[in-house]
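*Asks:* dropping the sequence and predicted coords here.
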Amino acid sequence: MSILVTGGLGFIGSHTVVALVEQDFKVVIADNLSNSKKEVLHAIENITKVKIPFYQIDVADEVSLNRLFESYDFKGVIHFAGYKSVGESVTEPLKYYRNNLLSTINIANACKKYGVKKLVFSSSATVYGDNQVPFDETMPLLPTTNPYGETKTMCERILTDFVQVNKEFEVTLLRYFNPIGAHPSGEIGELPNGVPNNLMPYITQVAKGKLKELKVFGDDYPTQDGTGVRDYIHVMDLAEGHVAAFTHITPGLHVYNLGTGLGTSVLEIIHTFERINHLRIPYKVVERRLGDIASSYADVSKAKKELKWSAKRNLEDMCKDAWNFEKNLSIK
């Protein structure tokens, strides 16, 4: 029996596939390559030394998804497939609502139709809106500041209602904070299309000379240095969190934060990257970005207690591995 990983060639998905294979799970990947590259599959196989079935399908296409479920006896699904740019969601909301909601509804329908009881959903800390930090899983979900966050909140509500009437299903919602870094091999990492929306690939591309300077979106937030504060987590810690969640899943609905529990500012990330990699990162402060909040970091005590999981890698590891991937980038 295999685990279906949707969006399995994306940044978080690809690292989770590696973590799953390293724990002897069989994996099938579905990805439409809208924000990923086919070459990532070869990199995953180089790391794991395992041939992994891959299907280039859009899980928002119900016919294609059902055909895939008919071909395998899946043990469970880890659902990553979805658009993820906060800024783009503000300018193209309908694109985000259609894709992110429809793909999740299709996955839930397929799981019910084919008797696949285990589902882990890729959610986000954006569902907390502008709550008081640290965010914990008991907090009410506030209106978010962007359509991307709204799609994650809606998907959580869809899956919550689904479990209410299908009590034999085992559904876990994982609320991520800010994954950065790369696999230590340098084979896989974050591969954004065009100018990066996320901080770390922007930094690494400036360091490599692909971009002239880093834009820091606002320095007037109520934080220690005026720049936005986030809970940055190494992507391999996040990937291992998925393995822990899938391994410990039981009937009903479960919600966990996956982060470090520490808040780090944009300037702290820049200065740590410079110090660890002996580089200078030129940057310019510009206006705040639509949809951003001042501070976001996790209370991670529940995941530690119930999943026996916690982040092991530190900020220096994240900066070192991200730069190692960018320096050795062979995926075009």
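*Replies:* Alright, I've got the coordinates. Numbers count the residues shown, from 1 in each chain.
*Asks:* report the buried residues of the lengthiest helix in the chain.
*Replies:* Secondary structure of the chain per DSSP state H: the longest helix is helix 93-114. For helix 93-114, the neighbour count (16 or more other Cβ atoms under 10 Å) marks 96-97, 99-108, 110-111 as buried. No exception for glycine: its C-beta is placed from N, CA and C like everyone else's.
*Asks:* mind putting these in a markdown table, pLDDT and distance to Val243 included?
*Replies:* Formatted as a markdown table, the buried residues of helix 93-114 follow (pLDDT from 0 to 100; distance: Cβ to Cβ, whole Å):
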| residue | pLDDT | distance to Val243 |
| --- | --- | --- |
| Tyr96 | 97 | 28 |
| Tyr97 | 97 | 30 |
| Asn99 | 97 | 26 |
| Asn100 | 97 | 24 |
| Leu101 | 98 | 27 |
| Leu102 | 98 | 27 |
| Ser103 | 98 | 22 |
| Thr104 | 98 | 21 |
| Ile105 | 98 | 26 |
| Asn106 | 98 | 24 |
| Ile107 | 98 | 19 |
| Ala108 | 98 | 22 |
| Ala110 | 98 | 22 |
| Cys111 | 98 | 19 |
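*Asks:* make CSV out of these and add distance to Tyr176.
*Replies:* Output for these, formatted as CSV (distance: Cβ to Cβ, whole Å):
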residue, distance to Tyr176
Tyr96, 17
Tyr97, 20
Asn99, 18
Asn100, 14
Leu101, 19
Leu102, 21
Ser103, 17
Thr104, 16
Ile105, 21
Asn106, 22
Ile107, 18
Ala108, 20
Ala110, 23
Cys111, 21
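*Asks:* tell me which other helices or strands the longest helix of the chain touches.
*Replies:* In terms of contacts (3 or more Cβ pairs under 8 Å, 6 or more residues apart in numbering; DSSP states H and E), helix 93-114 is packed against helix 62-71, strand 74-79, helix 86-91, strand 118-124, helix 147-165.
*Asks:* where do the helices of the stretch 201-332 of the chain begin and end?
*Replies:* 235-248, 266-277, 301-306, 315-327 (DSSP state H, counting those that start in this stretch).
*Asks:* could you dump the ones you listed to JSON lines with distance to Tyr221 and mean neighbour count?
*Replies:* Below are the helices of the stretch 201-332 of the chain laid out as JSON lines (distance: least, Cβ to Cβ, whole Å; neighbours: other Cβ atoms under 10 Å):
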{"stretch": "helix 235-248", "distance to Tyr221": "25", "mean neighbour count": "23"}
{"stretch": "helix 266-277", "distance to Tyr221": "9", "mean neighbour count": "18"}
{"stretch": "helix 301-306", "distance to Tyr221": "26", "mean neighbour count": "16"}
{"stretch": "helix 315-327", "distance to Tyr221": "20", "mean neighbour count": "21"}
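*Asks:* want to try JSON lines for those, with distance to Arg157 and mean pLDDT as columns?
*Replies:* What follows is these, written out as JSON lines (distance: least, Cβ to Cβ, whole Å; pLDDT from 0 to 100):
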{"stretch": "helix 235-248", "distance to Arg157": "19", "mean pLDDT": "98"}
{"stretch": "helix 266-277", "distance to Arg157": "31", "mean pLDDT": "98"}
{"stretch": "helix 301-306", "distance to Arg157": "20", "mean pLDDT": "98"}
{"stretch": "helix 315-327", "distance to Arg157": "32", "mean pLDDT": "97"}
